[in-house]
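Sequence and predicted model, in that order:
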Amino acid sequence: MDTTISIALSHQVAKRRQLDVIANNIANMSTTGFKRENVMFGQVLKEAQGNAPKSLRQITYVQDFGITRNMENGRMEHTGNLFDIALNGDAMFQVQRENGDVAYTRNGHLSLSEDLKLITSTGHEILDKSSKPIKIPPNVSDIKISSDGTISSPSTGLIATLNVSTFADISKLKKIGDNMFAADSPALPATDYTIVQGAIETSNVKPIMELTRMIQVSRSYMQTSKLMENLQDTESKAVNQLAKFS
Amino acid sequence: MKALSIAATGMLAQQLNVEVISNNIANMNTTGFKRQRAEFQDLLYQNIERIGSNSSDTGTITPTGIQVGVGVKTGGVYRVTQQGSVVGTENPLDVAINGEGYFRITLPNGDDAYTRAGAFQIGPTGQIVTLEGYTVGPDLTIPQGALDISINPGGEVLVKLAGQIDPTNVGRLELVTFPNAAGLEAIGDNQFLETPASGTANIGVANTPGFGTILQGFLENSNVNSVTEITALITAQRAYEMNSKVISTADEMMSVTSNLR
């Protein structure tokens, strides 16, 4: 009897985790370059003690063992700003973190720092092919960023080329907040991508899918609760009726 | 259960989004207004099972791990500096900039501000001033008794005086560009201030490479597109609703638990 309740509990814990992930997806419905996530569940096999055949003693708990990220491209939103760039394809821009590490982002809303370096909206410097920050010469206002990431202007010519990288498995990157990712595996130079100047990539969250998944989570959570209630009913009946002496 | 607070951050973000959109819609007919856009970023992630941690003593690692985000935050509200549509007014001192550039105006405290709203007037001493009465750079004076004012695409102000055949050139309206015009700080009254993010002002001449041309008798409308704004408003409202749905679902799940016997 107690095993049943703990199995039900393992299910409820897993469903709560799933709701947290769905809530985060919905909250980030308008986040630039956000990638939606889903929880993966696995079985944990245990063998109950007793004399019954082995196949009857097997019980499975639920465990959440990982988060998968869907790296599908988000919709492109046209802004017309010179320094708004959207990436099309499985690739990432490189940015420099405060501690000197390189992080990766798909957020292409760039602006200029005090010393005319190209920075993201969180103030991190975006890096060029030689992993250096990109400096825009003063008094240049007609910047062109081409589809392969070349930054130039008619008056000064080539300024820099954006470093666009990809990974063996891009969905294995670790999220660190602020639309940035950290990588454990080495970055490879990306080839299959295009950059669109004057656009921003929106989040790839599909609201209807998230909402239906949420309803599903809530319903299955309630069913498990019902199951637990029924179990307790049975248990208390057993205790009360067996304990009756006539 | 984190879902409650995550959804709360989502609702806050969408609320701000609606505020930005409503300001855009309110300024649909403001001369020289540039629409704004709210940008959002994801908050921190909690590592419940770290990516790359060992899953056995033979050195296998968990490839995905469990990272649960804790919501969303506003990264910034920035300006979209696209050109607005140009409408004719027939007023000789209404000027629009077609292309890059801002007019420079001098604030009462002596600082420079920049504007694309070219609805100018003549001040009490003959100076070209904005609707607030601030002088427009480089402080041009229209002589008394001027019959006609004409401003050419290069920004030269030519005045026809009584009894003269050739128009008198009283000076040239200057145009200012910035490396990153989206980084200018709005101070209301269609005026902007230079910031470290915008880069330093680059004063130049209209109708030359890198600068726009000046159109006399026209005004630049706002670049707010009503269709885009209304669809954005609907999306924001639906997103707000969905976040509130998350809250009620989380609440329901919790009440189910607390009602267990």
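In hand now; what should we look at? Numbers count the residues shown, from 1 in each chain, chains lettered A, B, ... in the order given.

What about the closest residue to residue A:105 other than its chain neighbours? Give its phi and psi, please.
Nearest residue to residue A:105 in three dimensions, chain neighbours excluded: residue A:180, at 4.9 Å (Cβ to Cβ, 6 or more residues apart in numbering or on different chains). For the C-beta atoms, the positions are set from N, CA and C on the backbone; glycine is no exception. Backbone torsions for residue A:180, taken as degrees, to the nearest 10, come to phi -110, psi 160.

need the longest helix for chain B.
If you go by DSSP state H, chain B has its longest helix at helix B:226-258.

how about residue 162, what does it touch?
You didn't pick a chain, so chain A it is. A:85, A:93, A:126-129, A:134, A:145, A:149-151, A:195 (Cβ atoms under 8 Å, 6 or more residues apart in numbering or on different chains).

Actually, chain B is the one I wanted.
Counting by Cβ under 8 Å, 6+ apart, residue B:162 touches B:145, B:147.

Please tell me the pLDDT value assigned to the residue nearest the centre of chain B.
Nearest to the mean C-alpha position of chain B, by Cα atoms, centre = their mean, lies residue B:79 at 2.6 Å. Per-residue pLDDT puts residue B:79 at 85.

Would you agree it is in contact with residue B:35?
Yes: look at residue B:79 against residue B:35 with Cβ atoms under 8 Å: they come within range, at 7.4 Å.

Leaving out the residues flanking it, which one is nearest to the closest residue to chain B within chain A?
Nearest residue of chain A to chain B: residue A:27, at 3.1 Å (Cβ to the nearest Cβ). Spatially, and ignoring its direct neighbours in sequence, residue A:27 is nearest to residue B:10 (3.1 Å; Cβ to Cβ, 6+ apart).

Go ahead and produce PDB holding the CA coordinates of the helix or strand harbouring the one you found.
Assessed by DSSP states H and E, residue B:10 sits inside helix B:3-26. Extracted C-alpha coordinates of helix B:3-26, given in PDB (Å, rounded to 0.1, in the frame of the first residue of the first chain):
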ATOM      1  CA  ALA B   3       5.300  28.100 -11.400                       C
ATOM      2  CA  LEU B   4       3.500  30.800  -9.400                       C
ATOM      3  CA  SER B   5       6.400  33.200  -9.200                       C
ATOM      4  CA  ILE B   6       7.500  32.400 -12.800                       C
ATOM      5  CA  ALA B   7       4.100  33.300 -14.100                       C
ATOM      6  CA  ALA B   8       4.100  36.500 -12.000                       C
ATOM      7  CA  THR B   9       7.300  37.600 -13.700                       C
ATOM      8  CA  GLY B  10       5.600  36.800 -17.100                       C
ATOM      9  CA  MET B  11       2.600  38.900 -16.200                       C
ATOM     10  CA  LEU B  12       4.800  41.900 -15.100                       C
ATOM     11  CA  ALA B  13       6.700  41.700 -18.400                       C
ATOM     12  CA  GLN B  14       3.600  41.600 -20.500                       C
ATOM     13  CA  GLN B  15       2.100  44.500 -18.500                       C
ATOM     14  CA  LEU B  16       5.200  46.600 -19.400                       C
ATOM     15  CA  ASN B  17       4.800  45.400 -23.000                       C
ATOM     16  CA  VAL B  18       1.200  46.700 -23.000                       C
ATOM     17  CA  GLU B  19       2.400  50.000 -21.600                       C
ATOM     18  CA  VAL B  20       5.000  50.500 -24.300                       C
ATOM     19  CA  ILE B  21       2.500  49.600 -27.000                       C
ATOM     20  CA  SER B  22      -0.100  52.000 -25.700                       C
ATOM     21  CA  ASN B  23       2.500  54.800 -25.600                       C
ATOM     22  CA  ASN B  24       3.200  54.000 -29.300                       C
ATOM     23  CA  ILE B  25      -0.500  54.100 -30.200                       C
ATOM     24  CA  ALA B  26      -1.000  57.300 -28.200                       C
END
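
Kindly calculate the angle that the longest helix of chain B makes with helix B:3-26.
Angle of helix B:226-258 versus helix B:3-26, following axes from the mean of the first three to the mean of the last three Cα atoms, to 10 degrees, is 160 degrees.

Which elements pack onto helix B:226-258?
helix A:2-27, helix A:207-242, helix B:3-26 (3 or more Cβ pairs under 8 Å, 6 or more residues apart in numbering or on different chains; DSSP states H and E).

got TSV for the ones you listed, with mean neighbour count, mean pLDDT and distance to residue B:233 too?
Output for the helices and strands packed on helix B:226-258, formatted as TSV (neighbours: other Cβ atoms under 10 Å in any protein chain shown; pLDDT from 0 to 100; distance: least, Cβ to Cβ, whole Å):
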stretch	mean neighbour count	mean pLDDT	distance to residue B:233
helix A:2-27	21	88	18
helix A:207-242	14	89	16
helix B:3-26	20	92	5
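
Please tabulate those helices in JSON lines, including the columns distance to residue B:232.
Below are the helices and strands packed on helix B:226-258 laid out as JSON lines (distance: least, Cβ to Cβ, whole Å):
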{"stretch": "helix A:2-27", "distance to residue B:232": "17"}
{"stretch": "helix A:207-242", "distance to residue B:232": "14"}
{"stretch": "helix B:3-26", "distance to residue B:232": "5"}
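
which one of those helices lies closest to residue B:256?
Nearest to residue B:256 among the helices and strands packed on helix B:226-258 is helix A:207-242; the distance by Cβ to Cβ comes to 4.6 Å.

from the contacts of residue A:162, which is closest to residue A:189?
For those, the nearest to residue A:189 is residue A:129 (8.5 Å; Cβ to Cβ).

which residues does the closest one contact?
Residues in contact with residue A:129 (Cβ under 8 Å, 6+ apart) are A:160-163.

out of those residues, who's nearest residue A:58?
Using Cβ to Cβ, residue A:163 is the member of the contacts of residue A:129 that lies nearest residue A:58, at 52.1 Å.

For that closest one, grab the count of nearby residues.
23 (other Cβ atoms under 10 Å in any protein chain shown).
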